[in-house]
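# Turn this into a model:
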Amino acid sequence: MFALTGKKRSRVRQPDAAGLVEAESGRVLPRPLRRIVRFAVSLAVGRVPIPRHAGTVAAVSFLAATGFYGMSLGGHTQDFAQSTTTAAGFAIDDVKVSGARETSEIDILEQLGLDGTTSLVALDIEEARQKLAKLPWVEHVSVRKVYPGTIEITLKERTAFAIWQHGNDLSLIEKNGSVIAPLRDNKFSALPLFVGRDAEAAAADFDKQFDNWPEIKARVRAYVRVAGRRWDLRLDNGVIVMLPEMNVPRAMEQLFRLQAEQGVLERDIAAVDLRLEDRTTIRLTEGALERRKVVLDQRTKELKKVTDRS
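A predicted model of the protein is given here:
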C-alpha cells in the first residue's frame with residue numbers, strides 16, 4: 001500500500017456583507033452580536049422592509065416615554081394615575097366600615113382624604129391603614145379594595161377602663177394606663193375616676209383590690225393618688241377614707257367592720273384615717289364639731305352647777 005502524505009489545505013471563508021467572519025484562525029464575534037450587526041447592515045442597505053407609520057409610532061412612543069419620565073421626576077405620576085383611573089370608572093363611591101363604636105365615619109374619610117374623585121386603583125392600602133391607625137380609638141385596622149369603587153374598613157377599637165384626671169384635664173384610659181382620648185361628654189361617667197400624677201399607671205391593680213368589698217366599692221366616686229405613694233377614697237357622701245401605703249386589705253377590713261358594726265360611713269364625719277395599724281382616727285365635719293362643742297359646753301355648765309350646789 002502506498003501512504004499518501006501531504007499538507008492539508010487551509011480553507012478560508014470569505015467575509016460576508018457585514019465583514020463579520022474572518023479566517024478560521026481569526027476572531028469571530030459572539031452570535032448575539034453577529035445577529036444585531038447583520039440586522040443593522042441589512043436595515044442600512046434597504047434589505048429590511050420598514051412598516052408604514054413606523055416613524056409616527058416611534059415618535060409617539062418617544063414622546064410618551066419622555067412625558068412619563070418628566071412626570072416621575074416632578075412627582076406627578078400618582079396624580080396622573082389618579083385622574084386616568086377615575087375617568088375610567090374606578091372612583092371610590094362607597095366606604096363600608098365595621099367595628100366602629102367610638103370612631104366616626106367622618107374622621108375616617110378625613111383621614112383618608114376621600115373627596116369623591118379618589119381612584120380606587122391609585123389608593124395605597126398600606127398608607128391608608130397607617131393613617132387610620134393614628135385615630136385615637138383604633139387599636140387595629142384592615143383595609144380592603146372591592147372593585148370597581150368600594151373600600152371595606154374593619155376596625156378593632158380600644159376599650160376604656162377608667163377616667164384619669166390630671167390637673168384640670170380628664171382623659172379616658174385603658175387598663176394598662178395608656179391614654180385613649182380626652183373625655184368629651186357624659187357617656188363614660190359610670191367609669192371609675194382616678195386622680196393625680198401616676199394614678200393612671202396603677203389604676204387597674206388598685207381597683208382590683210376592692211372586688212372583695214363591693215358595698216364600699218360601689219360608693220367610691222374617686223380614687224385619689226397621694227404623693228405617688230398611697231391612695232385616698234372619695235365616697236359618694238363626701239367622706240374621705242385615707243388608706244395606708246402598704247397592706248390596703250387590712251385597712252379595708254377595718255373599714256368594713258366599722259361600717260357593719262357602727263355604720264360609721266353614715267355618720268356626720270369628714271374623714272376616716274386608716275393609715276396607722278394600731279389606731280383609727282375619725283374626723284368630724286365642721287357642723288358636727290360645732291354641735292359637739294355645744295353639747296360639751298352644755299355638759300360643762302351642768303357639771304359646774306352641780307359642783308356649786310355641793
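
# tell me the mean pLDDT for stretch 109-122?
Mean per-residue pLDDT for stretch 109-122: 81.

# swap in stretch 37-54?
63.

# got it, and stretch 155-164?
Rounded mean pLDDT across stretch 155-164 is 97.

# List the contacts of it.
97-103, 132, 137-141, 170-175, 178-180, 183, 188, 191-195, 199-200, 203-204, 207 (C-beta atoms under 8 Å, 6 or more residues apart in numbering). Glycine gets a C-beta too; all of them are placed from N, C-alpha and C.

# and if you look at stretch 242-260?
Under the contact criterion C-beta under 8 Å, 6+ apart, stretch 242-260 has outside partners 206, 209-210, 212-213, 215-216, 229-233, 241, 264-265, 271-277, 280.

# Could you do stretch 221-241 as well?
By C-beta under 8 Å, 6+ apart, the list of residues contacting stretch 221-241 reads 165, 192-199, 202-203, 206-207, 216, 219-220, 242-245, 248, 255, 265-266, 269-272, 274-275.

# So which bits of it are buried?
Within stretch 221-241, the residues scored as buried using 16 or more other C-beta atoms under 10 Å are 222-225, 230-235, 239-241.

# and stretch 202-217, which residues are buried?
Result for stretch 202-217 [16+ other C-beta under 10 Å]: buried residues 202-204, 206-207, 210, 213, 216.

# how long is that stretch from one end to the other?
Across its full length, stretch 202-217 reaches 17 Å end to end, with C-alpha to C-alpha, to the nearest Å as the criterion.

# can you name the two of the buried residues of stretch 221-241 that are farthest apart?
Greatest spacing in the buried residues of stretch 221-241, by C-beta to C-beta: R225 and V239 (18.2 Å).

# rewinding a little: which ones among the contacts of stretch 242-260 lie within strands?
230-233, 241, 271-273 (DSSP state E).

# residue ranges with poor pLDDT in the stretch 51-200 of the chain?
51-90, 116 (pLDDT under 70).

# in it, which spans are helices?
54-74, 77-85, 105-112, 125-133, 199-208 (DSSP state H, counting those that start in this stretch).

# Against which helices or strands is the fourth one packed?
When you say that, I think you mean helix 125-133. helix 105-112, strand 138-146, strand 150-157 (3 or more C-beta pairs under 8 Å, 6 or more residues apart in numbering; DSSP states H and E).

# Relative to S119, which of those is closest?
strand 138-146 (10.7 Å).

# what's in contact with that closest one?
103, 120, 123, 125, 128-129, 132-133, 151-158.

# from those, which two are the most distant?
For the contacts of strand 138-146, and using C-beta to C-beta, no pair is farther apart than L120 and R158, which are 28.9 Å apart.

# Tell me, how many residues neighbour the closest residue to Q111 other than its chain neighbours?
Once flanking residues are discounted, Q111 sits nearest to K131: 4.8 Å by C-beta to C-beta, 6 or more residues apart in numbering. K131 has 17 neighbouring residues, counting by other C-beta atoms under 10 Å.
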